[in-house]
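Enquirer: Here you go, sequence then predicted model.
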Amino acid sequence: MAGQDPARISFAGPGKRNIELEMAIVQGVTLNLESEAEARRALAIGERTGRRPRLAIRVNPDFELRGSGMKMGGGAKPFGIDQARVPALAREVIAAGAEWRGLHIFAGSQALDASAIAETQGNVLDLAARLTAEIGAPLPHLNMGGGLGIPYFHGDRPLDIAAIGAALEQRFVDLPAELADTEFAIELGRYLVGEAGVYLTRIVDRKESHGHVFLVTDGGLHHQLAASGNFGTVVRRNYPAAIATRFAAAPEEEASIVGCLCTPLDRLADQAHLPRAEEGDLVAIFCAGAYGATASPAAFLGQGPAREMLV
């Protein structure tokens with residue numbers, strides 16, 4: 001845990017194993033429950049270990065985040081508990097003696113529309129107030145989720161974070177009474193780190209096929225799955241890319257950057273306008289700080305993991 005106070009840590013995600021639940025409960029980590037069955041397993045572990053589990057409920061809301069790249073709420077989802085079933089489960093865990101830690105409501109990810117995010121945050125606050133009234137106990141903590149995106153592709157505009165802040169500030173001026181003493185949190189993950197990371201790979205071969213130039217690298221989707229278009233995108237578009245060793249050079253040709261795996265899915269850029277590059281040149285793929293190495297199949301075809309460096 002790198003010295004972090006376990007009381008400040010929460011553990012979310014479906015499919016938590018009993019050994020993970022027990023470790024979290026014994027250490028005093030908050031569990032964001034994803035199902036009724038998970039809640040009952042956590043309560044049983046707490047009783048067996050003599051520890052009072054710290055439990056919150058992840059809610060699957062009826063609404064979603066408009067324009068989000070990945071829908072995390074609304075309709076049938078593996079994430080969270082359908083909002084209509086939340087009050088009964090919350091009352092159950094409170095009656096069982098667990099420490100009630102509140103709600104986690106995450107409706108979507110990678111949105112660049114400030115008005116859509118503000119609307120969703122308002123919906124989250126309204127839903128949390130209604131659920132709290134039905135539960136009949138104060139809400140100590142509300143994780144409002146995230147959804148704040150970063151511009152990956154041509155034409156994307158950076159998120160107007162000031163507009164989101166202003167709208168949220170206005171909502172906090174007149175909070176529902178049920179949330180008067182609630183502590184609030186927002187997940188900023190991708191927004192904070194996504195643009196801070198760069199993936200570097202070296203060109204090992206330059207080749208042509210039917211008049212098309214391919215720059216073959218010693219990297220690929222096993223290190224940077226998202227840039228290959230195989231991480232939830234419907235239509236593949238190029239991440240920002242450059243020939244790092246010729247950064248100041250003007251584009252001269254159209255070329256595709258591919259990896260070293262024997263699959264046509266291993267593409268880092270399609271028909272990009274680039275300076276002429278040769279064997280030994282370095283390719284930079286930007287926006288690699290989120291869903292980069294940790295989201296990629298590093299063991300695929302035995303090529304090995306990427307080296308990660310903090311500069």
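Expert: Happy to help now that I have it. Residues are numbered from 1 along each chain as shown.
Enquirer: Return the lengthiest helix in the chain as CSV; C-alpha atoms alone will do.
Expert: In terms of residue count, the longest helix belonging to the chain (DSSP state H) is helix 114-135. Listed in CSV are the C-alpha atoms of helix 114-135, where the atom choice follows Å, rounded to 0.1, in the frame of the first residue of the first chain:
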residue,chain,number,x,y,z
ALA,A,114,-18.6,19.7,-20.2
SER,A,115,-22.4,20.1,-20.2
ALA,A,116,-22.9,16.4,-20.3
ILE,A,117,-20.5,15.8,-17.3
ALA,A,118,-22.2,18.6,-15.4
GLU,A,119,-25.6,17.1,-16.1
THR,A,120,-24.5,13.7,-14.9
GLN,A,121,-23.0,15.1,-11.8
GLY,A,122,-26.3,16.7,-11.0
ASN,A,123,-28.1,13.4,-11.7
VAL,A,124,-25.6,11.7,-9.3
LEU,A,125,-26.3,14.2,-6.5
ASP,A,126,-30.1,13.9,-7.0
LEU,A,127,-29.9,10.1,-7.0
ALA,A,128,-27.7,9.9,-4.0
ALA,A,129,-30.1,12.1,-2.0
ARG,A,130,-33.1,9.9,-3.0
LEU,A,131,-31.3,6.7,-2.1
THR,A,132,-30.2,8.2,1.2
ALA,A,133,-33.7,9.1,2.1
GLU,A,134,-34.9,5.5,1.3
ILE,A,135,-32.0,4.0,3.2
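Enquirer: Give the rounded mean pLDDT of it.
Expert: Confidence for helix 114-135, expressed as mean pLDDT, is 95.
Enquirer: buried residues in that helix?
Expert: Of the residues in helix 114-135, those with enough neighbours to count as buried (16 or more other C-beta atoms under 10 Å) are 114, 116-118, 120-121, 123-125, 127-129, 131-132, 135. Any C-beta I mention is one placed from the backbone N, CA and C, and that applies to glycine too.
Enquirer: Can you show me the helices along this structure?
Expert: Taking DSSP H as the criterion, the chain carries its helices at 18-27, 36-49, 86-95, 114-135, 161-173, 189-193.
Enquirer: Return the most buried member of those helices.
Expert: With neighbours taken as mean count of other C-beta atoms under 10 Å, these reach their highest mean count in helix 114-135, at a mean of 20.
Enquirer: That one to helix 161-173, inter-axis angle?
Expert: For helix 114-135 against helix 161-173, the angle by axes from the mean of the first three to the mean of the last three C-alpha atoms, to 10 degrees is 30 degrees.
Enquirer: Could you list every helix and strand that helix 114-135 packs against?
Expert: If you count contacts as 3 or more C-beta pairs under 8 Å, 6 or more residues apart in numbering; DSSP states H and E, helix 114-135 packs onto helix 86-95, strand 99-105, strand 141-143, helix 161-173.
Enquirer: quick one, that helix and helix 86-95 angle?
Expert: Note on geometry: by the same axes, to 10 degrees, helix 114-135 and helix 86-95 are set 50 degrees apart in direction.
Enquirer: just to revisit the earlier point, could you dump the helices and strands packed on helix 114-135 into TSV and include mean pLDDT and distance to Arg237?
Expert: Output for the helices and strands packed on helix 114-135, formatted as TSV (pLDDT from 0 to 100; distance: least, C-beta to C-beta, whole Å):
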stretch	mean pLDDT	distance to Arg237
helix 86-95	98	37
strand 99-105	97	30
strand 141-143	98	31
helix 161-173	96	23
